[in-house]
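Asks: got a sequence here, can you build the structure:
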Amino acid sequence: MDTHYDIIIIGGGPIGLACAIEAKRENLSYLILEKGCLANSLYNYPQGMTFFSTPEKLEIGEVPFVTTNLKPVRAEALEYYRRVSEHFDLQIHLFEEVLAAEKRNGLFKTTTNKSTYFSKKIIVATGFYDIPILLDIPGENLPKVFHYYKDPHYFANQKVVVVGASNSSVDAALETFRKGAEVTMVIRGQEIGRRVKYWVKPDIENRIADGEIKVMFSSSLTAIREDEVDIETPQGKKTIQNDFVLALTGYQPNFNFLEKLGIEYEDQTIKNPCHNKETMETNVDGMYLAGVVCGGLQTHLWFIENSRIHAKKIIKHIINSYD
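Replies: Residues are numbered from 1 along each chain as shown. Alright, predicted model coming up:
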């Protein structure tokens with residue numbers, strides 16, 4: 001098996017696939033290394049999730065995303081990216097995790113849980129969905145606490161606390177409520193998040209106004225126990241009965257991995273990785289960033305639709321570096 005490539009691409013999501021497509025078009029040898037399944041982050045999205053973007057904004061490789069829906073759902077996106085991968089016959093190793101990568105004598109040596117590879121360049125397209133932002137409160141490690149939400153049926157007829165006011169929190173609150181759950185939302189701010197999908201926001205606000213979904217604004221979950229939780233509210237601490245907690249408080253890139261690669265930050269507060277905005281090259285010569293990982297903790301900055309262009313920028317810069 002050949003272990004020498006022009007480019008190793010770390011991450012098999014939409015942007016990693018887009019980078020591979022551009023590399024193939026320029027006759028560059030490449031290999032995608034993905035620690036999970038194809039489009040692993042999308043696979044872990046809630047099963048009924050609807051994208052904010054329209055189909056054409058999720059397209060890569062100029063392959064049409066055909067759907068009868070105005071906005072695609074998760075299952076359609078997974079099928080689309082699988083078909084794109086097959087269409088271009090992309091070289092990808094699934095369920096192979098990158099453990100380390102270092103540059104020696106002008107070549108990167110990339111070590112995985114299965115093998116070792118050498119390349120002239122590396123593209124890091126690892127996304128941000130792997131590590132949840134923890135509440136860091138007592139009881140958060142109990143089995144009743146979920147940081148990822150997939151399907152509402154599991155929570156039918158249960159007392160559920162949903163932490164957060166983002167799209168994922170609102171979707172979970174509405175879907176579990178409609179499966180018969182008694183839902184209480186705990187929100188740090190004073191209102192539902194302003195980035196919540198415009199066709200969903202009126203629904204959650206109406207359910208709250210009608211008292212069908214309870215909400216505690218300007219409040220924080222402070223402790224979790226087997227059959228109850230403590231909530232700090234403006235009126236003081238409240239303890240309510242509880243079966244499950246959906247702590248959907250956001251996610252972050254694997255900063256430890258980025259630091260192991262030698263990537264530095266432009267701003268330690270928001271941990272946005274150093275990279276040239278025109279070429280996407282990091283402070284490590286020959287190593288590039290692509291996709292939502294570029295935003296660091298500002299995970300709302302980059303999406304598939306506005307980071308697809310990273311692939312063309314990177315491959316153009318790599319081609320020019322060979323001239």
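
Asks: my guess is Thr282 contacts Ala290. True?
Replies: No - using Cβ atoms under 8 Å, Thr282 is not in contact with Ala290; the gap is 10.7 Å. (C-beta placed from N, C-alpha, C; glycine too.)

Asks: quick one, what contacts Gly132?
Replies: Actually, residue 132 is Pro rather than Gly. With contacts defined as Cβ atoms under 8 Å, 6 or more residues apart in numbering, the neighbours of Pro132 are His147, Tyr148, Ala247, Thr249, Gly250, Tyr251, Gln252.

Asks: quick one: contacts for the closest residue to Ser168 other than its chain neighbours?
Replies: In this structure, Ser168 finds its nearest non-sequential neighbour in Leu248, 4.5 Å apart by Cβ to Cβ, 6 or more residues apart in numbering. Leu248 is in contact with His147, Tyr149, Val162, Val163, Gly164, Ser166, Ser168, Ser169, Ala172, counting by Cβ under 8 Å, 6+ apart.

Asks: phi and psi next, for Leu248.
Replies: phi -100, psi 70 (degrees, to the nearest 10).

Asks: ok, Ala172 - how many residues close by?
Replies: Neighbour count for Ala172, taken as other Cβ atoms under 10 Å: 26.

Asks: just to revisit the earlier point, would you turn the contacts of Leu248 into TSV with distance to Glu86?
Replies: Converted to TSV, these look like this (distance: Cβ to Cβ, whole Å):
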residue	distance to Glu86
His147	32
Tyr149	30
Val162	38
Val163	39
Gly164	36
Ser166	33
Ser168	30
Ser169	35
Ala172	33
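
Asks: out of those residues, which is most surrounded?
Replies: Val162 (30 neighbours).

Asks: gap between the residue nearest to Ser168 and Thr126?
Replies: For Leu248, the distance to Thr126 equals 21 Å [Cβ to Cβ, to the nearest Å].

Asks: same deal with Thr3?
Replies: Distance from Thr3 to Thr126, by Cβ to Cβ: 21 Å.

Asks: just the element for Glu305, please.
Replies: Element membership of Glu305, judged by DSSP states H and E, is helix 304-307.

Asks: other residues contacting that helix?
Replies: With Cβ under 8 Å, 6+ apart, helix 304-307 has contacts from Pro14, Ile15, Ser53, Lys57, Leu58, Ile60, Ala290, Gly291, Val292, Cys294.
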